[in-house]
Structures are given as structure tokens and as C-alpha cells.
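Novice: no sequence on this one, just coordinates:
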């Protein structure tokens, strides 16, 4: 048996339900220890108490029981096959998992039991359609392969044009720790903001995935470089994170099964961050991955639960095109409202917090979550007959966005709806092996 055959056998075992179950258990343990470690993390970076993040050993048994019970919801990942909803669902499941732990130690004054049940049922209501509705839809149009080639070139040119247009308004090469001194002063036109969001989140990852699948290495590198060039324009860590994350996901998709890759995409970075926290080396890694990437979305859900337990609901008026038709108590984006009240930065939050708790309250949040799951299921159906590695790479950035923004914003501003359309029209012959001579 060759080394390649042995690796394929190991990857096959990991992809089986038993292997997936073990990986999910390891991931849950890693999340819990990260949530404990964050409370003793260096105050040079942040104070966990200022974010209302606490840990009390006396409450550890109760928190463990809650997390163990919620782990049963995760069994859906053992039976569901890979899809975009599987990828997005696991990330959002992780966010709710973190919230349920934080909820056991939170010092906020709201009905924590109601919020916990609402969160758990919302996760389940979302995951059922998002992971199980995967049958393909009938297609009435497909891009010719040559036209797709022109489209990919157009995406690269559009990305370059967006960078140049953005550079007219801002272009600064500054250290990461200094970006906040300049970022609040940025004021891009609305059309340019939409273009930046769609290009960085959807179009460049889609082009990168096409280039990787076709073996166009230099064009794939060009897509990564263009993604990185958005950093001096937008001054966001996201611009640096995107090319690194795309390469990481492409690596996982190349050497592991699709479901295994989804879990490893969170387990490996979080485990690395946790180890650096334990051994007090490279604290930036724990801060960036464990705290900013995964714990903050859970914490934002806690904050939204607290705020809307005492304030009027939005009834979806935070969605721009609905605002003229719905009475609204808020004249500002919710992130600005949260910053003014809690002074923790402009906290955006996931669909569970925005389309859920903020819009309809904890009692009806599971219904809203189910509706959001149906939207994600549409993406599953439009991409059902595409190779899993292509779907995973082309949508690699969207789960990160979904952790921190409403679904409506993800669909429109960040171009998830556009990606669904691109999946639908992508020529399937692109992925067929070359015919024998």
C-alpha cells in the first residue's frame, strides 16, 4: 500500500460518522477550554470582564451539562452530507455553543433560561433545512465554458478597478495595531462599499476556487494578491485574513474529506490558539482566532439578548428595503446603538441575534431561524451537483461573515445571493475529468 493509499484510508475513516463525531467532541472541548482561558487572558489585549465574560468554577457542572445537552443537536452533522449549509451551519452551531456556555456565567440581567432554550431551538430550527435540504434544482441555463473564462478575467479586472477606486479615497500602508486610528475616518460612497463587500467576500473567492480546480496556479495567486491589496484601502484585518484563509481551506479540501475539512477549519486554528494561551507564546494567535473570530460572535449574542430584553424590538426594520414599510424605533444601525450603550465597539451580530432576537424576540426567534435556514437551503440546492471542494473554497469567507452580520446583509452587501447565482450557472463540464484519447 502506497503512502497516498494509506492517507486516503485515514481520511476516509475521519469522514465516516464515527470520525466526525470524535472530531466534533474534540472541538466542543476546545471551545469550552478557550472560554475558560479567555477570562485569564492578558489584559494587554482586552479585559474579558469588560465584555461581561466570566468564569466561576462553582457553575462549571451546570455549564458542562448545558453544553453536553446541546451537543446532541450537533448529531445532525454526523448524518448530513456536505453542502454550503453544512459549512455555514457548523460555524453558526459553534457560535450558539459558545453562547450557551457564556450564558451560564453572564452577569447581564435578563431571562437567561428563556434565552438559552430559544438559542438551542433556533439552532436546531436553522440546521434542519440548512443541512438536510440538498437536492439539486432543475437548471434552465448554464454558462458556456468559454464565457466563464471571460467572466473570471472580468472578476480580476473588476477587483483591480475596485482597489483603484477605493485608493482614491484612502490608501495607507500602516501597521495592524494602528488601523483604528484611521479607519473611522473612511467614507466610501455606497456603491463602492457594496463593490468592496462583494468582491472581497464572494467574487475573488469564487474566482480563486475556479482557478484552483482548473490548476491555474498563477491566476489563483493573482486572486490572492488582489485580495491582499484591499488592506491599505479598507484598513481591515479581514483583507489580510482572506487570502490566508482561502489557502488554508484549499489545503484542507485537497487532503481531507469535505465534512472533515469543515470541522478541522475551526478545530485546528482554535486548538493552536488555545495551546499558545496555555504556554504563553504568541498571544496574538489566541486573541485573533479564539477571541475575535469565535468568542466575540457568541458574546455579541449575549449582549443583544440583554439589550432587547429591555428595549423595543425592530420587527425587521433594520433591513434597509423594509424600513419604509415597518414602524421603527431605531434611526441608526444596530451596531451603532450597541456601541453607544455598551461601549464595546460596533458590535454586529449573526442572524440569530438580528433576524432572531432583535426582530421578533426570543419566543419567536426559532421561527425566524427556520426561515433563514430555508434561504441557506436554496444555496445548497443551487450548488448540489458541484464538487464539494469547489463549493467549500468558493464560499470559504461567507461563514465568517455570517457569524458577524445579519443574513440579509450577507446576501446583499457581501454578495451571498450573487454567489448562489454563480453556482447555478457554473458549467458542470469544468469539473469533468478529461476524456481518454
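Specialist: Nice, I can see it. Fair warning: this is a prediction, and the values are worked out from it, not measured in the lab.
Novice: please state the offset of the host helix or strand of residue 251 from the chain centre?
Specialist: Under the criterion DSSP states H and E, the helix or strand holding residue 251 is helix 237-255. In terms of Cα atoms, centre = their mean, to the nearest Å, the centre of helix 237-255 is set 13 Å apart from its chain centre.
Novice: residue 240 and residue 175 touch, don't they?
Specialist: No. Applying Cβ atoms under 8 Å as the test, residue 240 and residue 175 come out as separate, 11.5 Å apart. The way it works is simple: take the backbone N, C-alpha and C, and place the C-beta from them, glycine included.
Novice: of those two, who's got more company?
Specialist: The neighbour count for residue 240 versus residue 175, taken as other Cβ atoms under 10 Å, is higher for residue 240 (14 against 6).
Novice: show me the contacts for that one.
Specialist: For residue 240, the contact set (Cβ atoms under 8 Å, 6 or more residues apart in numbering) comprises 176, 228, 231.
Novice: backbone phi and psi for residue 270, please?
Specialist: The phi and psi torsions at residue 270 (degrees, to the nearest 10) take the values phi -70, psi -40.
Novice: surely it touches residue 28?
Specialist: No. The pair formed by residue 270 and residue 28 falls short of the contact definition of Cβ under 8 Å, at 10.8 Å.
Novice: the two: which has the busier surroundings?
Specialist: Looking at residue 270 and residue 28 with other Cβ under 10 Å, you find the greater number of neighbours at residue 270, namely 22 against 19.
Novice: and the pLDDT at that one?
Specialist: In the predicted model, residue 270 carries a pLDDT score of 96.
Novice: what's the helix or strand for the closest residue to residue 313 other than its chain neighbours?
Specialist: Excluding its sequence neighbours, the residue lying closest to residue 313 (Cβ to Cβ, 6 or more residues apart in numbering) is residue 361, at 5.6 Å. Using DSSP H and E, residue 361 sits within helix 359-382.
Novice: could I get the buried residue list for that helix?
Specialist: Using 16 or more other Cβ atoms under 10 Å as the test for burial, helix 359-382 gives 359-362, 365-366, 368-373, 375-382.
Novice: contacts only, for residue 228.
Specialist: Applying Cβ under 8 Å, 6+ apart to residue 228 gives the contacts 239-240, 242-243.
Novice: I meant residue 234, not that one.
Specialist: Contacts for residue 234 were tallied using Cβ under 8 Å, 6+ apart; they are 166, 170, 183, 186, 196, 200.
Novice: between these, which sits nearest residue 235?
Specialist: Nearest to residue 235, judged by Cβ to Cβ, of the contacts of residue 234 is residue 183 at 4.6 Å.
Novice: any idea how far that closest one lies from residue 176?
Specialist: For residue 183, the distance to residue 176 (Cβ to Cβ, to the nearest Å) stands at 11 Å.
Novice: ditto for residue 428
Specialist: Taken as Cβ to Cβ, the span from residue 428 to residue 176 is 41 Å.
Novice: check residue 213 too.
Specialist: Counting by Cβ to Cβ, the gap from residue 213 to residue 176 is 32 Å.
Novice: repeat that for residue 97.
Specialist: In terms of Cβ to Cβ, residue 97 sits 29 Å off from residue 176.
Novice: circling back: now the helix holding residue 361: mean pLDDT?
Specialist: Computed over helix 359-382, the mean pLDDT rounds to 97.
Novice: per-residue confidence averaged over the helix or strand just after it?
Specialist: Later in the chain than helix 359-382, the nearest helix or strand by DSSP H and E is helix 388-394. When pLDDT is averaged along helix 388-394, the result is 96.
Novice: helices or strands up against helix 388-394?
Specialist: Counting contacts by 3 or more Cβ pairs under 8 Å, 6 or more residues apart in numbering; DSSP states H and E, helix 388-394 is packed against helix 84-103, helix 204-214, helix 237-255, helix 258-278, helix 416-425.
Novice: what helices or strands is the last one leaning on?
Specialist: In other words, helix 416-425. By 3+ Cβ pairs under 8 Å, 6+ apart, helix 416-425 packs against helix 359-382, helix 388-394, helix 398-404.
Novice: now which of the contacts of residue 228 would you call buried?
Specialist: By 16+ other Cβ under 10 Å, the contacts of residue 228 give 239, 242-243 as buried.
Novice: redo those residues as CSV? Include distance to residue 102 and pLDDT.
Specialist: CSV is the format used below for those (distance: Cβ to Cβ, whole Å; pLDDT from 0 to 100):
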residue, distance to residue 102, pLDDT
239, 29, 90
242, 28, 94
243, 31, 96
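Novice: list the helices and strands whichever strand or helix holds residue 78 packs on?
Specialist: According to DSSP H and E, residue 78 maps onto helix 76-79. Secondary-structure packing of helix 76-79 (3+ Cβ pairs under 8 Å, 6+ apart): helix 17-37, helix 84-103, helix 112-132.
Novice: which one of these lies closest to residue 155?
Specialist: helix 84-103 (19.5 Å).
Novice: any regions of this structure where pLDDT drops low?
Specialist: Applying pLDDT under 70 to the chain picks out residues 1, 4-5, 7, 42-45, 433-437.
Novice: can you pull the contacts of residue 212?
Specialist: 220, 250, 393.
Novice: neighbour-wise, which of those leads?
Specialist: The most neighbours of any of the contacts of residue 212, using other Cβ under 10 Å, belong to residue 393, which has 27 neighbours.
Novice: grab the nearest non-local neighbour of that one.
Specialist: Closest residue to residue 393 apart from its sequence neighbours, by Cβ to Cβ, 6+ apart: residue 209 at 3.9 Å.
Novice: residue 149: which of the contacts of residue 228 is nearest?
Specialist: Nearest to residue 149, judged by Cβ to Cβ, of those is residue 243 at 22.4 Å.
Novice: starting at the chain centroid, how far to stretch 78-89?
Specialist: For stretch 78-89, the distance to the chain centre is 14 Å (Cα atoms, centre = their mean).
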